[in-house]
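Asker: predicted model and sequence below, questions to follow.
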Amino acid sequence: MSTAAVAGDQLALRAHGAGAARTAVYILLALPLGVVHLVALLPLAVVSPAALWRLAEVERTLANRLLGARIPPLPYRRAEAVGGPPRSVLALILLRLPLTVPVAVLALLPLAVTVQLARYGLEGVWNTSDRYLGPWALGPVVGVLLWVFAAAAGVVSLAVLDELRGPLRALVIRPLASVPTAAVAVREALAERIGDRTLALAYWLPEREAFVDERGLPVELPDPASGRAWTEVAHEGRRVAAIVHDAELDARPELVRAAASGAVLALDNERLKAELRARIEALQTSRTRIVEAGLEARRRIERDLHDGAQQQLVALALDLRMLRARLASDPAAAQLADASLEKLQAALDELRELARGIHPAILTDRGLPAALDALVARVPVPVESSVELEERPPRAVEAAAYFVVAEALTNVAKYARASQAWVRVRRVDDALEVDVVDDGVGGADPANGSGLRGLEDRAVAVDGTLDVHSPPGGGTRIAARFPIDALAPSPSAGPAAS
């Protein structure tokens with residue numbers, strides 16, 4: 001196994017350990033929380049059913065912070081007029097303690113065994129006990145063996161806690177993430193009031209003069225012959241939304257208008273949210289176009305340098321060499337020609353380095369593995385590289401990953417005083433993960449360097465994230481994660497790996 005793979009495994013082990021610790025904290029907090037749920041459930045259900053949303057919000061907060069659940073905010077937690085949570089959420093609140101107790105036993109039993117083995121091992125090593133374990137006296141040799149068993153039990157404990165994180169997260173996500181959002185609630189309320197379960201809502205954006213759905217995506221209103229109809233919703237003379245419903249309801253327009261008038265404020269509020277989402281969608285689309293245009297401009301400049309100035313300098317170098325051959329009989333002129341050749345070669349090298357910095361041609365032609373191999377070969381610090389890709393990622397992601405590695409290795413060479421560095425690039429699920437690790441002096445701070453800030457901007461431009469971990473004296477780890485859109489265009493290439 002390569003050193004880069006070992007370093008990556010060490011990083012993964014740390015992540016598993018941190019996940020196990022968070023799971024343990026979650027279980028310890030869930031036990032008293034389950035008791036509170038059982039005590040408060042019946043009084044709140046009788047006095048104020050809407051207050052039960054507060055208990056559900058505590059569940060959401062704990063799951064998000066300790067289990068990485070990423071459950072969106074609950075839509076009704078501040079509404080006093082609505083009733084209690086749905087049955088799935090009530091079941092979660094009611095069964096919190098009965099479900100947590102067996103999980104706690106399963107998780108804490110290996111920990112208890114680990115602590116007990118470590119305690120007996122300590123007694124044996126220090127020879128402070130006259131206990132017997134079966135036929136063996138608890139002495140130093142048995143104590144060391146118990147410590148070995150305690151270490152193994154500790155690993156099992158961490159593995160159990162880390163594996164329990166997924167089921168615990170799913171237990172909370174399933175009922176809470178299925179709670180309808182406010183937009184869905186408005187649609188469902190109108191559908192029930194009108195009697196059309198196929199009802200849909202479209203929100204009017206006056207700046208675009210178009211209708212969009214709750215996600216901000218364009219909506220085409222139905223034609224009269226399609227069996228569907230739509231009714232305009234207005235507020236204070238302004239068009240707010242359109243209710244798309246069964247065409248048969250056109251025979252009862254007063255029913256649709258009455259339902260719309262009762263929900264006009266909620267619809268106007270949801271229209272504002274849809275407008276914001278539409279702007280975010282437009283911003284993301286515009287940012288993608290800007291990134292692609294920037295990459296294309298960099299490639300064009302690199303080609304112009306390669307085909308223009310660089311080729312002219314190469315031709316000039318050939319002419320100088322021919323002239324140098326003819327000046328063999330004149331030492332002074334030959335020396336001047338040699339000096340000119342050296343300066344020309346230096347200028348040519350600088351031009352090539354500039355072209356590679358703008359956009360390396362090898363990245364476009366041969367992909368990320370070959371480009372990183374060429375990059376690593378130019379770094380004065382020993383670097384081990386591992387690239388695990390089945391296919392080429394989208395161009396923008398590929399370029400972002402390359403420049404993250406390039407800037408990170410530049411920092412290693414200039415500032416880290418490192419003796420070794422490791423680069424690992426791989427695809428994990430629907431994302432490209434990039435790790436650059438060195439054993440240097442550490443202390444890198446994105447707030448104090450334009451290079452690292454530029455990497456953050458480059459990562460964010462393709463919806464990625466960048467994390468810099470650089471404790472003083474502990475080396476530096478730069479971890480980037482870029483989402484890969486399955487529909488994004490990528491250069492055609494076969495499998496690539498190095």
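Answerer: Great, that's in hand.

Asker: what confidence value was assigned to P135?
Answerer: Looking at P135, its pLDDT is 61.

Asker: and the helices in the stretch 301-450 of the chain, which stretches?
Answerer: For the stretch 301-450 of the chain, the helices defined by DSSP state H, counting those that start in this stretch cover 310-326, 331-358, 361-366, 368-377, 395-411, 450-461.

Asker: same thing with the stretch 51-200 of the chain?
Answerer: For the stretch 51-200 of the chain, applying DSSP H, counting those that start in this stretch gives helices covering 52-67, 87-126, 140-176, 182-194.

Asker: which helices and strands does the third one pack with?
Answerer: With contacts taken as 3 or more C-beta pairs under 8 Å, 6 or more residues apart in numbering; DSSP states H and E, helix 140-176 sits against helix 3-47, helix 52-67, helix 87-126. To be clear about C-beta, it is placed using only N, CA and C from the backbone, and glycine gets the same treatment.

Asker: thinking again about what came up before, which of the helices of the stretch 301-450 of the chain has the lowest average pLDDT?
Answerer: helix 331-358 (a mean of 66).

Asker: circling back: between the helices of the stretch 301-450 of the chain, which gets nearest to I243?
Answerer: helix 450-461 (38.4 Å; C-beta to C-beta).

Asker: follow-up on the earlier one: quick check: which of the helices of the stretch 301-450 of the chain is buried the most?
Answerer: Between the helices of the stretch 301-450 of the chain, helix 395-411 has the highest mean count of neighbours, a mean of 23, where neighbours are mean count of other C-beta atoms under 10 Å.

Asker: wait, doesn't P393 sit right on L368?
Answerer: Yes - using C-beta atoms under 8 Å, P393 is in contact with L368, at 7.3 Å.

Asker: rewinding a little: of all the helices of the stretch 301-450 of the chain, which lies closest to P86?
Answerer: helix 450-461 (36.8 Å).

Asker: helices or strands up against the following helix or strand past the closest one?
Answerer: For helix 450-461, the following helix or strand on the C-terminal side (DSSP states H and E) is strand 465-469. If you count contacts as 3+ C-beta pairs under 8 Å, 6+ apart, strand 465-469 packs onto helix 450-461, strand 476-483.

Asker: if we use 10 Å, what do you get?
Answerer: Judged by 3 or more C-beta pairs under 10 Å, 6 or more residues apart in numbering; DSSP states H and E, strand 465-469 is in contact with helix 395-411, strand 431-438, helix 450-461, strand 476-483.

Asker: redo these as a markdown table? Include distance to L42.
Answerer: Listed next are these as a markdown table, based on distance: least, C-beta to C-beta, whole Å:
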| stretch | distance to L42 |
| --- | --- |
| helix 395-411 | 53 |
| strand 431-438 | 45 |
| helix 450-461 | 48 |
| strand 476-483 | 45 |
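
Asker: for R208, find the nearest of those.
Answerer: R208 sits nearest to helix 450-461 of all the helices and strands packed on strand 465-469, at 24.9 Å, using C-beta to C-beta.

Asker: got the angle between the closest one and helix 395-411?
Answerer: If you take axes from the mean of the first three to the mean of the last three C-alpha atoms, to 10 degrees, helix 450-461 sits at 160 degrees to helix 395-411.

Asker: list the contacts of P140.
Answerer: For P140, the contacting residues are 121, 124-127, by C-beta atoms under 10 Å, 6 or more residues apart in numbering.

Asker: and the end-to-end length of stretch 42-56?
Answerer: With C-alpha to C-alpha, to the nearest Å as the measure, stretch 42-56 spans 15 Å from end to end.

Asker: on that earlier part again, for the helices of the stretch 51-200 of the chain, which one sits closest to D457?
Answerer: helix 52-67 (26.9 Å).

Asker: let me see the mean pLDDT of the closest one.
Answerer: Averaged across helix 52-67, pLDDT comes to 85.

Asker: tell me which other helices or strands that helix touches.
Answerer: helix 3-47, helix 87-126, helix 140-176.

Asker: now do the longest one and helix 87-126, the angle between them.
Answerer: For helix 3-47 against helix 87-126, the angle by the same axes, to 10 degrees is 130 degrees.

Asker: tell me how far helix 3-47 lies from the chain's centre.
Answerer: 20 Å (C-alpha atoms, centre = their mean, to the nearest Å).

Asker: go on, the second one?
Answerer: With C-alpha atoms, centre = their mean as the basis, helix 87-126 stands 31 Å off its chain's centre.

Asker: now that helix: average pLDDT?
Answerer: Average pLDDT, helix 87-126: 84.

Asker: so what's V35 scoring on pLDDT?
Answerer: V35 is given a pLDDT of 90.

Asker: what about it, neighbour count?
Answerer: 13 (other C-beta atoms under 10 Å).

Asker: pretty sure it is touching L97, no?
Answerer: Yes - judged on C-beta atoms under 10 Å, V35 makes contact with L97 at a distance of 6.1 Å.

Asker: what's opposite the closest residue in space to D435 that isn't next to it in sequence in the beta bridge?
Answerer: Of all residues not flanking D435 in the chain, R424 sits nearest, at 4.5 Å (C-beta to C-beta, 6 or more residues apart in numbering). Bridge pairing for R424 (DSSP bridges) gives the partners S386, D435.

Asker: R424 contacts L432, doesn't it?
Answerer: No - using C-beta under 10 Å, R424 is not in contact with L432; the gap is 11.3 Å.

Asker: out of the helices of the stretch 51-200 of the chain, the one nearest L389 is which?
Answerer: Among the helices of the stretch 51-200 of the chain, the nearest to L389 by C-beta to C-beta is helix 140-176 (26.3 Å).

Asker: list the buried residues for that closest one?
Answerer: Neighbour counts over helix 140-176 (16 or more other C-beta atoms under 10 Å) mark 142-143, 146-147, 149-150, 153-154, 157-158, 160-162, 164-165, 168-169, 171-173, 175-176 as buried.

Asker: that helix - what's its average pLDDT?
Answerer: For helix 140-176, mean pLDDT is 83.

Asker: do stretch 469-485 as well
Answerer: Mean predicted confidence for stretch 469-485 is 86.

Asker: and stretch 261-271, by the same measure?
Answerer: Mean pLDDT, computed over stretch 261-271, is 75.

Asker: distance between that stretch and the chain's centre?
Answerer: That offset, for stretch 261-271, works out to 35 Å (C-alpha atoms, centre = their mean).

Asker: give me the contact list for it.
Answerer: Under C-beta under 10 Å, 6+ apart, the answer for stretch 261-271 is 181-187, 189-190, 193, 201-206, 211-212, 214, 233-236, 238-243, 260, 274.

Asker: mind listing which of those residues are in strands?
Answerer: Using DSSP state E, the members of the contacts of stretch 261-271 that fall in strands are 201-205, 211-212, 233-235, 238-243.

Asker: out of the residues you listed, which end up buried?
Answerer: Buried among these by 16+ other C-beta under 10 Å: 201-205, 211-212, 233, 239-243.

Asker: could you report the neighbour count for the nearest residue to A40 once chain neighbours are set aside?
Answerer: Nearest non-adjacent residue to A40, counting by C-beta to C-beta, 6+ apart: L55, 6.8 Å away. The tally of other residues near L55 (other C-beta under 10 Å) stands at 22.

Asker: L55 and L92 touch, don't they?
Answerer: Yes - using C-beta under 10 Å, L55 is in contact with L92, at 9.1 Å.

Asker: residues shared between the contacts of those two?
Answerer: What both L55 and L92 touch, as defined by C-beta under 10 Å, 6+ apart, is the set 37, 85.

Asker: sorry, back to before: looking at the helices and strands packed on helix 52-67, which is nearest to F482?
Answerer: Proximity to F482, assessed across those by C-beta to C-beta, is greatest for helix 3-47 (16.8 Å).

Asker: the closest one versus strand 465-469: what angle between them?
Answerer: Per the same axes, to 10 degrees, the angle that helix 3-47 makes with strand 465-469 is 110 degrees.
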